[in-house]
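> just need the structure, nothing else, for what follows:
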Amino acid sequence: MDKKKIHNLVLAPMVLISLVVIIMGAAWCIHPEPWLLDRPPNEALLQTSFNNLFSAKINTHLPAYLIVIYKFFGLWLISIGLLILAYTYVTRLGTTLARNVIHTALFLILIAVYYLVFNFIPTSPFMPILFGFTVCLLCSRYYSKQLKE
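Below you'll find the model as predicted:
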(Lines give C-alpha, C1' and ligand atoms only; values in the text may rest on other atoms or scores of the structure.)
Protein backbone atom coordinates (compact mmCIF):
# COMPACT_ATOMS: atom_id res chain seq x y z
CA MET A 1 0.00 0.00 0.00
CA ASP A 2 1.36 3.44 -0.83
CA LYS A 3 2.24 6.02 1.80
CA LYS A 4 -0.65 8.35 0.95
CA LYS A 5 -3.28 5.64 1.51
CA ILE A 6 -1.67 4.59 4.77
CA HIS A 7 -1.57 8.21 5.92
CA ASN A 8 -5.28 8.57 5.11
CA LEU A 9 -5.96 5.46 7.22
CA VAL A 10 -4.15 7.18 10.10
CA LEU A 11 -5.95 10.49 9.61
CA ALA A 12 -9.52 9.41 8.78
CA PRO A 13 -10.28 7.61 12.08
CA MET A 14 -9.21 10.70 14.05
CA VAL A 15 -11.46 12.92 11.94
CA LEU A 16 -14.32 10.43 12.37
CA ILE A 17 -13.88 10.39 16.16
CA SER A 18 -13.84 14.18 16.31
CA LEU A 19 -16.95 14.57 14.14
CA VAL A 20 -18.94 11.99 16.12
CA VAL A 21 -17.92 13.65 19.40
CA ILE A 22 -19.00 17.06 18.05
CA ILE A 23 -22.37 15.64 16.92
CA MET A 24 -22.93 13.95 20.29
CA GLY A 25 -22.09 17.17 22.10
CA ALA A 26 -24.48 19.11 19.89
CA ALA A 27 -27.22 16.58 20.64
CA TRP A 28 -26.82 17.12 24.39
CA CYS A 29 -26.75 20.90 23.89
CA ILE A 30 -29.82 21.01 21.64
CA HIS A 31 -32.08 18.40 23.28
CA PRO A 32 -34.68 20.03 25.58
CA GLU A 33 -34.36 17.23 28.16
CA PRO A 34 -30.86 15.83 27.54
CA TRP A 35 -30.96 13.40 30.47
CA LEU A 36 -33.50 11.42 28.47
CA LEU A 37 -30.88 10.56 25.82
CA ASP A 38 -29.50 7.96 28.19
CA ARG A 39 -32.53 7.53 30.43
CA PRO A 40 -32.34 3.78 31.28
CA PRO A 41 -28.78 3.82 32.64
CA ASN A 42 -29.43 7.09 34.48
CA GLU A 43 -32.52 5.68 36.16
CA ALA A 44 -30.65 2.48 37.01
CA LEU A 45 -27.85 4.53 38.58
CA LEU A 46 -30.33 6.68 40.52
CA GLN A 47 -32.46 3.63 41.39
CA THR A 48 -35.59 5.65 40.66
CA SER A 49 -37.41 7.06 37.67
CA PHE A 50 -37.10 10.67 36.59
CA ASN A 51 -40.86 11.03 37.13
CA ASN A 52 -40.47 10.04 40.79
CA LEU A 53 -37.41 12.19 41.16
CA PHE A 54 -39.03 15.29 39.68
CA SER A 55 -42.31 14.82 41.57
CA ALA A 56 -40.71 15.44 44.97
CA LYS A 57 -41.20 19.06 46.08
CA ILE A 58 -37.55 19.46 46.99
CA ASN A 59 -36.57 18.61 43.38
CA THR A 60 -38.75 21.27 41.73
CA HIS A 61 -35.76 22.96 40.11
CA LEU A 62 -33.80 19.79 39.39
CA PRO A 63 -34.69 19.76 35.67
CA ALA A 64 -33.19 23.25 35.25
CA TYR A 65 -30.04 22.12 37.03
CA LEU A 66 -29.78 18.99 34.88
CA ILE A 67 -30.19 21.07 31.73
CA VAL A 68 -27.23 23.22 32.76
CA ILE A 69 -25.09 20.19 33.63
CA TYR A 70 -25.92 18.35 30.40
CA LYS A 71 -25.45 21.45 28.25
CA PHE A 72 -22.05 21.95 29.90
CA PHE A 73 -21.25 18.31 29.13
CA GLY A 74 -22.36 18.83 25.53
CA LEU A 75 -20.20 21.93 25.26
CA TRP A 76 -17.27 19.97 26.70
CA LEU A 77 -17.78 17.26 24.07
CA ILE A 78 -17.98 19.84 21.28
CA SER A 79 -14.79 21.46 22.59
CA ILE A 80 -12.90 18.17 22.75
CA GLY A 81 -14.12 17.22 19.27
CA LEU A 82 -13.05 20.59 17.87
CA LEU A 83 -9.65 20.33 19.55
CA ILE A 84 -9.08 16.86 18.09
CA LEU A 85 -10.19 18.08 14.67
CA ALA A 86 -8.02 21.21 14.86
CA TYR A 87 -4.97 19.26 16.01
CA THR A 88 -5.49 16.69 13.28
CA TYR A 89 -5.98 19.37 10.64
CA VAL A 90 -3.01 21.51 11.68
CA THR A 91 -0.52 18.69 12.14
CA ARG A 92 -2.02 16.39 9.49
CA LEU A 93 -0.53 13.78 11.83
CA GLY A 94 2.50 14.00 9.59
CA THR A 95 5.12 13.26 12.23
CA THR A 96 5.58 10.43 14.67
CA LEU A 97 5.40 12.92 17.54
CA ALA A 98 2.04 14.32 16.36
CA ARG A 99 0.58 10.84 15.99
CA ASN A 100 1.92 9.63 19.34
CA VAL A 101 0.56 12.68 21.17
CA ILE A 102 -2.99 12.36 19.82
CA HIS A 103 -3.05 8.58 20.16
CA THR A 104 -1.81 8.74 23.77
CA ALA A 105 -4.27 11.48 24.71
CA LEU A 106 -7.21 9.63 23.19
CA PHE A 107 -6.08 6.34 24.73
CA LEU A 108 -6.05 7.92 28.20
CA ILE A 109 -9.45 9.52 27.63
CA LEU A 110 -10.91 6.20 26.45
CA ILE A 111 -9.51 4.37 29.49
CA ALA A 112 -11.15 6.92 31.79
CA VAL A 113 -14.46 6.73 29.92
CA TYR A 114 -14.40 2.91 29.97
CA TYR A 115 -13.80 3.04 33.73
CA LEU A 116 -16.76 5.37 34.28
CA VAL A 117 -19.07 3.49 31.96
CA PHE A 118 -18.30 0.01 33.28
CA ASN A 119 -18.44 1.09 36.93
CA PHE A 120 -21.44 3.42 36.86
CA ILE A 121 -23.52 3.05 33.68
CA PRO A 122 -22.81 -0.35 32.11
CA THR A 123 -26.18 -0.32 30.33
CA SER A 124 -25.37 2.89 28.45
CA PRO A 125 -26.78 3.02 24.92
CA PHE A 126 -23.57 4.79 23.91
CA MET A 127 -21.42 1.70 24.49
CA PRO A 128 -21.31 0.84 20.75
CA ILE A 129 -19.99 4.34 20.03
CA LEU A 130 -17.30 3.84 22.65
CA PHE A 131 -16.32 0.54 21.03
CA GLY A 132 -16.33 2.29 17.64
CA PHE A 133 -13.96 4.94 18.97
CA THR A 134 -11.67 2.19 20.22
CA VAL A 135 -11.65 0.51 16.81
CA CYS A 136 -10.91 3.87 15.14
CA LEU A 137 -8.05 4.56 17.54
CA LEU A 138 -6.58 1.09 17.08
CA CYS A 139 -6.89 1.38 13.30
CA SER A 140 -5.19 4.77 13.30
CA ARG A 141 -2.46 3.48 15.61
CA TYR A 142 -1.90 0.36 13.50
CA TYR A 143 -1.51 2.31 10.27
CA SER A 144 0.62 4.89 12.06
CA LYS A 145 3.13 2.12 12.74
CA GLN A 146 3.12 1.29 9.00
CA LEU A 147 4.31 4.80 8.09
CA LYS A 148 8.03 5.09 7.63
CA GLU A 149 9.44 8.56 8.13
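
> give me the element the spatially most central residue of the chain is part of.
Central residue of the chain (Cα atoms, centre = their mean): Val21, 4.8 Å from the mean position. Assessed by DSSP states H and E, Val21 sits inside helix 3-30.

> for that helix, packing partners?
In terms of contacts (3 or more Cβ pairs under 8 Å, 6 or more residues apart in numbering; DSSP states H and E), helix 3-30 is packed against helix 62-91, helix 96-120, helix 127-146. Where C-beta positions appear, they are placed from N, C-alpha and C, glycine not excepted.

> give the buried residues for that helix.
Within helix 3-30, the residues scored as buried using 16 or more other Cβ atoms under 10 Å are 6-7, 9-11, 13-15, 17-18, 20-22, 24-25, 28-29.

> same question, stretch 73-81
Neighbour count says stretch 73-81 has Gly74, Leu77, Ile78, Ile80, Gly81 buried, by 16+ other Cβ under 10 Å.

> please enumerate residues in contact with it?
17-22, 24-30, 34, 109 (Cβ atoms under 8 Å, 6 or more residues apart in numbering).

> repeat that for stretch 25-32.
34, 37, 70-71, 73-81.
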